[in-house]
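Enquirer: Would you be able to build a 3D model of this:
(2 chains)
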Amino acid sequence: MTRSDRSVRILSYTILSVLIVVMIFPFLWMAFSSFKSTAEIYSQSYFPENPIIDNYQEIFNSSLFLRWLMNSAIIAIVTTISVLFFDSLVGFTLAKYQFPGKKIIFALIISTLMIPTEMLVIPWYIMSSRFGWLDSYWGIMFPGMMSAFGVFLMRQFMDSVPDDLLDAARIDGMSEFGIFVKITLPLVKPALATLAIFNFIGDWNAFLWPLIVSSTPKMYTLPVGLAYFSSENLMRWEMIMTGSTVSTIPLIIVFLIFQKHIVKGIALTGLKG
Amino acid sequence: MKLRQKKTMTAYLFLIVPLIFFIFVRFFPTIYAFWLSFTDWNIISPKMNFVGFDNFRALFADSVFMKALWNTFKYVLYGVPLVLVLSFAISLLLNNIRKGQAFYRLIYVMPYITPLVAVSWVWRWMYQRPPVGVINNLFSFVGIPTQRFLFSMDQALIAIVVTTVWVNLGYCIVIFLAGLQTIPKEYLEASKIDGANRWQVLTKITVPLLNPVILFLVVTQSILFLRIFTQVYNMTDQGSGGPLNSTKPLVLYIYQKAFLSFEMGSASSATVVLFGIILLITLLQFRLLKRRVQY
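Expert: Just a heads-up that it's a prediction; the model follows:
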């Protein structure tokens, strides 16, 4: 290693470390502030000098945060399972069967990727109000039950499963659905994991549609609930930060467990929204 | 022949539910949105009249819509270059180091997976006036006068851009790093042997080889900024896109038109405009990519 290489490396570490502070500071500031009293919020202290957990007690006792946590968990889990099942089934069918209309169906599904959600929310809203889906779990969930992107991703991965393997299972008398579940799904686990994580994060963070379709606070998801709670508690920053911390922690946990998948998934695909 | 028919049957059996979904939840709503954009329908009235391009004419005559359209472009024009230049610089730095690269990258990605609503409120608070606003406190510490940030018509939009850049940075860094790692080491070494300095290597080799990655990021980030909503809704007073519409983007305009004043026809026309812009950018990307492949 030359001298100039070494100095470049040291300089890189220095700049990166300074920038890291900018990246991480808002998280620490949020978390620390959730342990402060109102008085301390105005005192410009950094660390909470007398850490209190009153904010957390208040938020869980006198607001609907637990309910919102539960709503978000139910919605994110159900839609993720649905996306995993249907997207891999469609991916499998499009990759492994020859049948008339296949190309058109694939094109039809992929072309929906071009349509921004913002364009669909008005028809979805009208649809929901006709069918009585407003302000319900189903109303929040139905637009996300499948994803065109997932179909695209799963088809790519299903393509790489050898046909011989499927034929061997057919000779053994396995049903086509059995082949899908028992032979192909285990072979595309990494793709399923990526799809699951991104879908879960996307659903957990979704804002526009849940905001439109839910109208009573008890049906809110966590982001909509947090927005509502924060505007109700305007200027009570310690409470807003407590709410923000509560909404962020589940994702930080998911993130730390699946960090490798997430980074790989971004590099592989580049998705969100 | 019989086996083939059986396979076709199985395929359609597997596809029936997904097809219903994509037709009724994606396809028809799109067509319906286009149809609505030519009607005067509001959700209360039972009548729906075809009005041709009246909605579009009214939109482009509406100063608030034009303001929102212009703001949306401003988000793209400020946000996309900022996030691209920063993330490119950081990924170059990250590419210089071995130890700790994964850790640094991890920290940069964290904001990207954090709920945007929480991010918005944390930044909204950091942007407050002293003594609660931590950025202003820091400014006064180093002698910069107090800034009004979200309360200022000149600064609010930029303040929201900065927050969004903070969120999207990690995503772009991961993509850039993946791109940088595909550049063959031989190219860089060969150019060094030929006596190229770092700047020449960067501009003559790295950037040209990364062109497809840069194009991909320009397009995806542009679309992201074009669709900006959550940050503005949560960072401005009562989600109004204020002060005085100075931060209001297209999607917030659509939201207010459709769900606060229930002018579904007119709001749909605005979504068609948004769709048109996004389509244009996507087609432009394909066009540029095709040209690239040719040589």
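Enquirer: mind exporting the host helix or strand of residue B:216 as CSV, just the C-alpha atoms?
Expert: Taking DSSP states H and E as the criterion, residue B:216 maps to helix B:207-226. The C-alpha trace of helix B:207-226 is given here as CSV (Å, rounded to 0.1, in the frame of the first residue of the first chain):
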residue,chain,number,x,y,z
VAL,B,207,-18.5,7.5,-13.9
PRO,B,208,-18.9,6.3,-17.6
LEU,B,209,-19.0,2.6,-16.4
LEU,B,210,-21.6,3.6,-13.8
ASN,B,211,-23.9,5.4,-16.3
PRO,B,212,-26.6,2.7,-16.2
VAL,B,213,-26.7,2.8,-12.4
ILE,B,214,-26.8,6.6,-12.4
LEU,B,215,-29.7,6.6,-14.9
PHE,B,216,-31.6,4.1,-12.8
LEU,B,217,-31.2,6.1,-9.7
VAL,B,218,-32.1,9.4,-11.4
VAL,B,219,-35.3,7.9,-12.6
THR,B,220,-36.3,6.1,-9.4
GLN,B,221,-35.4,9.0,-7.2
SER,B,222,-37.2,11.5,-9.6
ILE,B,223,-40.4,9.3,-9.3
LEU,B,224,-40.0,9.2,-5.5
PHE,B,225,-39.8,13.0,-5.3
LEU,B,226,-42.6,13.4,-7.8
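Enquirer: ok, and what's touching whichever helix or strand comes after it?
Expert: Next helix or strand after helix B:207-226 toward the C-terminus (DSSP H and E): helix B:230-235. Contacting residues not belonging to helix B:230-235 are listed as A:207-208, A:211, A:223, A:227, A:230, B:116-117, B:119-121, B:123-124, B:127, B:150, B:159-160, B:163-164, B:239, B:241, B:247-249, B:252, B:255 [Cβ atoms under 8 Å, 6 or more residues apart in numbering or on different chains]. From N, CA and C alone the C-beta is placed, and that goes for glycine too.
Enquirer: Among those residues, which ones are in helices?
Expert: A:208, A:211, A:223, A:227, A:230, B:116-117, B:119-121, B:123-124, B:159-160, B:163-164, B:252, B:255 (DSSP state H).
Enquirer: mind showing which ranges of chain A have poor pLDDT?
Expert: A:1-3, A:269-273 (pLDDT under 70).
Enquirer: hey, where'd the strands end up in it?
Expert: Using DSSP state E, chain A contains no strands.
Enquirer: Grab the most central residue of it for me.
Expert: residue A:201 (1.3 Å; Cα atoms, centre = their mean).
Enquirer: ok, it - contacts?
Expert: Applying Cβ under 8 Å, 6+ apart, we find residue A:201 in contact with A:251, A:254, A:262, A:272, B:113.
Enquirer: biggest separation within those residues, which pair?
Expert: A:254 and A:272 (14.6 Å; Cβ to Cβ).
Enquirer: Comparing those two, which shows the higher neighbour count?
Expert: residue A:254 (18 against 15; other Cβ atoms under 10 Å in any protein chain shown).
Enquirer: measure the residue nearest to the centre of chain A to residue B:210 for me?
Expert: 27 Å (Cβ to Cβ, to the nearest Å).
Enquirer: Stretch A:105-112 near chain B at all?
Expert: Yes: Stretch A:105-112 reaches chain B (Cβ under 8 Å from any Cβ of the partner chain) through A:105, A:108-109, A:112.
Enquirer: Out of those residues, which comes closest to chain B?
Expert: Comparing the residues of stretch A:105-112 next to chain B against chain B with Cβ to the nearest Cβ places residue A:112 closest, at 4.1 Å.
Enquirer: Can you give me the buried ones in stretch A:16-33?
Expert: A:16, A:19, A:23, A:26-27, A:29-33 (16 or more other Cβ atoms under 10 Å in any protein chain shown).
Enquirer: So what touches it?
Expert: Residues from elsewhere that reach stretch A:16-33 (Cβ under 8 Å, 6+ apart): A:41, A:46-48, A:237-238, A:241, A:244-245, A:248, B:90, B:93-94, B:97, B:104, B:107-108, B:110-111, B:114, B:118-119, B:122-123, B:126, B:134, B:166, B:169-170.
Enquirer: and for the helix holding residue B:216, what are the contacting residues?
Expert: With Cβ under 8 Å, 6+ apart, helix B:207-226 has contacts from A:116, A:270, A:272-273, B:72, B:75-76, B:79-80, B:83-84, B:87-88, B:164, B:168, B:172, B:175-176, B:178-180, B:183, B:187, B:250, B:274, B:277-278, B:281-282, B:284-285, B:288-289, B:292.
Enquirer: Just the buried subset of those, please.
Expert: For the contacts of helix B:207-226, buried by 16+ other Cβ under 10 Å: A:116, A:270, B:72, B:75-76, B:79-80, B:83-84, B:87-88, B:164, B:168, B:172, B:175-176, B:178-180, B:250, B:274, B:277-278, B:281-282, B:285.
Enquirer: Show me which residues of the stretch 151-273 of chain A are close to chain B?
Expert: Residues of the stretch 151-273 of chain A found near chain B (Cβ under 8 Å from any Cβ) are A:151, A:176-177, A:180, A:201, A:204-205, A:207-208, A:211-212, A:222-224, A:226-227, A:230-231, A:237, A:240-241, A:243-245, A:247-248, A:251-252, A:254-255, A:259, A:262-263, A:266-267, A:270, A:272-273.
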